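In: Build the 3D model from these lines:
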Amino acid sequence: MGKAQGRKSIFITGAASGMGRETALLFAGKGWFVGGFDVQAEALNALAAEIGADNCIVRRLDVTDREDYKAAIAAFAAATDGKMDMLYNNAGIGRGGPFADQPFEDVLAVVQVNFIGVLIGIHLSVPLLKATPGSMCFTTSSSSATFGMPGIAVYSATKHAVKGLTEALSIEFKAYGIRVADVLPGLIDTPIIPREAVAAAASDGMFRLIPPIEVAKVVWEAYHSDKLHWYVPPELIELDKSATLEPEKTRDSLATGTIFSLLKEQADAAK
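Out: Numbering: from 1, shown residues only. All right, here's what the predicted structure looks like:
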């Protein structure tokens, strides 16, 4: 028997910090075996020390490298006897600013990590998920997948792609007994959020600053549910509804908001 000793297991990308780290700690605390993967090796080692070496496997992983991902899946499978109760595609990067001014290398990097990395992870994990009764494929989308957000256009586009992929696979994977869902977080206090955005965050409302543990709690709840989309905070669903029913109104509202004003200032300064 592998290192997991028959325990339920979760494979988490982006596990070294933020939502991924909090999810790893929460699931470990509930008796699960945790696979923690990230590009931040030192932070992963700190996570392993906190969880306990017998309760996890950690490994550096570049989610955009399919061969590296294969090796990570193989290491996890060896520890869990070929099972995976939950895949949590959480790794992501954010590089914002006016699209016209972004270096194209940044554009491609966001697409590679936030979407291609998700595709690789799911594609390689299907055999383990199929071999595990009641398994779930779960991915971090974003509140920016409700309507394309100015200033983070490419990030927003990748999260729309994740949301669409989740919906399609939630139907396809029913044939294998695999549940598929995602979380659409708002403004979560993680390293991916610029510190100036954290400092300027509202104290209430749907874009208030939220600690990452709240997303981890949703990941746990999602495993025990058949719900498709999870919003953190829950009132973000209203933005999703309005963006679908009244896209022009949503567009015009965003075009008079703070984010647009900041982008216009940046564009004017660049002239």
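
In: Now do the helices in the chain.
Out: For the chain, the helices defined by DSSP state H cover 18-29, 41-51, 66-80, 104-111, 117-130, 153-172, 195-199, 213-223, 236-245, 247-254, 258-270.

In: For residue 120, the count of nearby residues, please.
Out: As a burial measure, residue 120 scores 22 neighbours (other Cβ atoms under 10 Å). Heads up, the C-betas are built off the backbone N, CA and C, glycines and all.

In: Relative to residue 69, how far out is it?
Out: 5 Å (Cβ to Cβ, to the nearest Å).

In: if I look at the two, which residues touch both of them?
Out: Residues touching both residue 120 and residue 69 (Cβ atoms under 8 Å, 6 or more residues apart in numbering): residue 63.

In: re earlier: redo the helices of the chain as JSON lines? Include distance to residue 189.
Out: Listed next are the helices of the chain as JSON lines, based on distance: least, Cβ to Cβ, whole Å:
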{"stretch": "helix 18-29", "distance to residue 189": "8"}
{"stretch": "helix 41-51", "distance to residue 189": "16"}
{"stretch": "helix 66-80", "distance to residue 189": "27"}
{"stretch": "helix 104-111", "distance to residue 189": "21"}
{"stretch": "helix 117-130", "distance to residue 189": "23"}
{"stretch": "helix 153-172", "distance to residue 189": "17"}
{"stretch": "helix 195-199", "distance to residue 189": "6"}
{"stretch": "helix 213-223", "distance to residue 189": "10"}
{"stretch": "helix 236-245", "distance to residue 189": "16"}
{"stretch": "helix 247-254", "distance to residue 189": "23"}
{"stretch": "helix 258-270", "distance to residue 189": "18"}
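
In: Ok, which of these comes nearest residue 187?
Out: Residue 187 lies closest to helix 195-199 among the helices of the chain, at 7.1 Å (Cβ to Cβ).

In: what is the mean pLDDT for that closest one?
Out: Confidence over helix 195-199 (mean pLDDT, whole number) is 56.

In: Could you do stretch 54-64 as well?
Out: pLDDT averaged over stretch 54-64 gives 98.

In: contact partners of it?
Out: Residues contacting stretch 54-64 (Cβ under 8 Å, 6+ apart): 3, 13, 15, 24, 28, 33-41, 44-45, 47-48, 68-69, 72, 75-76, 79, 91, 112-113, 116-118, 120-121.

In: Can you give the distance of stretch 213-222 from its chain's centre?
Out: 12 Å (Cα atoms, centre = their mean, to the nearest Å).

In: Enumerate the positions of that stretch that are buried.
Out: For stretch 213-222, a neighbour-count test (16 or more other Cβ atoms under 10 Å) marks 213, 214, 215, 216, 218, 219, 220, 222 as buried.

In: which of these lies closest to residue 103?
Out: When those are ranked by distance to residue 103 (Cβ to Cβ), residue 215 comes first, at 29.6 Å.

In: Now do the contacts for the closest residue to the closest one other than its chain neighbours.
Out: Leaving aside its sequence neighbours, residue 215 sits nearest to residue 19 (Cβ to Cβ, 6 or more residues apart in numbering; 4.4 Å). Contacts here follow Cβ under 8 Å, 6+ apart; on that basis residue 19 touches 90, 140, 185, 188, 190, 212, 215, 216, 219.
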